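Novice: Below: sequence and its predicted model.
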Amino acid sequence: MPRYVIEREIPGIQLMAPDELKAASQKSCNVLRELGSDIQWIESFVTEDKLYCVYFSKNEELIRDHACRGNFPANRISKLHTVIGPYTAE
């Protein structure tokens, strides 16, 4: 299944309390359960005013549907083509 990175602009996200992040995560998981097995959340990275999420998804439309149902922004969706790291240099 293709992997995607979703950029979500959320002003002040770096200031959210742990219980707020937990509630947002629970909401996301509930929507994912509704959508079925063609979409899966892998992990997210909180930066200043942005959230970067990594998902497996059958297609970009499912990611947009998840964002719409959960009332989450999806400002940019990018399909991952490959992953590199220090091990790539070896």
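Specialist: Done, it's in.

Novice: for the protein, what spans make up the strands?
Specialist: For the chain, strands defined by DSSP state E occupy the ranges 3-9, 39-47, 50-57, 76-79.

Novice: now those as a markdown table including mean pLDDT, distance to Leu32 and mean neighbour count?
Specialist: For every residue, glycine as well, the C-beta is placed using N, CA and C. Compiled in a markdown table, these are given as follows (pLDDT from 0 to 100; distance: least, C-beta to C-beta, whole Å; neighbours: other C-beta atoms under 10 Å):
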| stretch | mean pLDDT | distance to Leu32 | mean neighbour count |
| --- | --- | --- | --- |
| strand 3-9 | 98 | 13 | 17 |
| strand 39-47 | 97 | 6 | 14 |
| strand 50-57 | 98 | 9 | 19 |
| strand 76-79 | 98 | 16 | 14 |
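
Novice: what about Arg64, distance to Asn71?
Specialist: Going from Arg64 to Asn71 by C-beta to C-beta, to the nearest Å gives 13 Å.

Novice: Please identify which of these two sits among more neighbours.
Specialist: Using other C-beta atoms under 10 Å, the more surrounded residue of Arg64 and Asn71 is Arg64, with 14 against 9.

Novice: hang on, the earlier thing: turn the strands of the chain into a markdown table, including distance to Pro18.
Specialist: Below are these laid out as a markdown table (distance: least, C-beta to C-beta, whole Å):
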| stretch | distance to Pro18 |
| --- | --- |
| strand 3-9 | 18 |
| strand 39-47 | 11 |
| strand 50-57 | 15 |
| strand 76-79 | 26 |
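
Novice: Nearest to Ala17, out of those?
Specialist: strand 39-47 (12.2 Å; C-beta to C-beta).

Novice: Identify the residue spatially nearest to Thr47, adjacent ones excluded.
Specialist: Nearest-residue entry for Thr47: Gln14, 6.9 Å, with adjacent residues in sequence omitted and distances by C-beta to C-beta, 6 or more residues apart in numbering.
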